[in-house]
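Participant: Fold the following, please.
(one chain, ligands or ions: 1)
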Amino acid sequence: MDKQPFDIGVALDRIEQAVQPWPKAALFQLAEEGFTSTFEQLLACIISIRTYDEVTLPVSRNLFARARLPAEVARLSWEELDPLISPSTFHERKAHQILAIAREVEERYGDTLPCDRDVLLSFAGVGPKCANLVLGVACGTPVISVDIHVHRVTGRWGYVKASTPEKTLAALEATLPQRYWIDINRLLVPFGKHICTGNRPKCSTCPVLDMCRQVGVDEHR
Ligand code: SF4
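Facilitator: Here you go, the predicted model:
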């Protein structure tokens, strides 16, 4: 098939339609349910690390049903918090991190964790991926969050060429128009889970097959 030039706006429009039937990425879903504060989004992101969205969502809802504000979380003991998040991977360590964050936020900022990348990155357990995702979802700050799906899909398109998610982030910051910076994660997480999957992507029914370079794709459905 002759390939069309890759038009990111057209691609993301088509993907927006294609992902309608599937659940949204966890932090976006939680924001839709009203868990929109920087603090809630940060806690959900920590819970989501190395953890499936199918687990992150109920665990986050469960925690927020018990405690949503920094002061409420800070008042929990580790023994109370750990069982609340125990389906999440590395929950014991995450419970310590969440308590330390809640106590520091309450002490320094009261109820409202500021939309400040340096503040977010100052907390143990929070890396650039979570900081960017939280800034995008909770604060509307134009930042790109590159997870394994965004890295894999944009590489296969031939839109960027980078060996790691970190390098993909730098490449996207140089290439992707800013109006798509938040949406690319929202759209490519479900797209990467259901269509452009890690093994044998579903190219034959993919809405962007006519423009995708299928870089590194040997086997597909
Ligand atoms: S054509 Fe295949 S490799 Fe390209 S985006 Fe679609 S599923 Fe992924």
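Participant: now Ala65: how far from Val217?
Facilitator: Counting by CB to CB, to the nearest Å, the gap from Ala65 to Val217 is 43 Å. All C-beta spots, glycine's among them, are computed from the backbone N, C-alpha and C.
Participant: Of those two, give the one with the bigger neighbour count.
Facilitator: A count of neighbours by other CB atoms under 10 Å puts Val217 above the other of Ala65 and Val217, at 13 against 9.
Participant: List the contacts of the more buried one.
Facilitator: Neighbouring residues of Val217 by CB atoms under 8 Å, 6 or more residues apart in numbering: Arg156, Pro201, Cys203.
Participant: I figured the second one hits His220, correct?
Facilitator: Yes: counting by CB atoms under 8 Å, Pro201 touches His220, with 5.1 Å between them.
Participant: Those two: which has the busier surroundings?
Facilitator: Set Pro201 next to His220 and count neighbours by other CB under 10 Å: Pro201 wins out with 24 against 16.
Participant: got the contact list for the helix ranked longest in the chain?
Facilitator: With secondary structure taken from DSSP state H, the chain has its longest helix at helix 91-109. With CB under 8 Å, 6+ apart as the test, helix 91-109 has contacts from 39, 42-43, 46-47, 49, 70-71, 73-74, 76, 78, 81-82, 85, 88, 113, 123-126.
Participant: and this structure, which residues reach the ligand?
Facilitator: Counting by CB under 6 Å from any ligand atom, the positions of the chain adjacent to the ligand are 153, 156-157, 195-196, 201-203, 206, 208-209, 212, 214, 217, 220.
Participant: among these, which ones are buried?
Facilitator: By neighbour count, with 16 or more other CB atoms under 10 Å, the residues of the chain next to the ligand hold 153, 156-157, 195-196, 201, 203, 206, 208-209, 212, 214, 220 as buried.
Participant: can you put these in CSV and add secondary structure?
Facilitator: Formatted as CSV, these follow (DSSP: H, G, I helix; E, B strand; the rest coil):
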residue, secondary structure
Val153, helix
Arg156, helix
Trp157, helix
Ile195, coil
Cys196, coil
Pro201, coil
Cys203, helix
Cys206, coil
Val208, coil
Leu209, coil
Cys212, coil
Gln214, coil
His220, coil
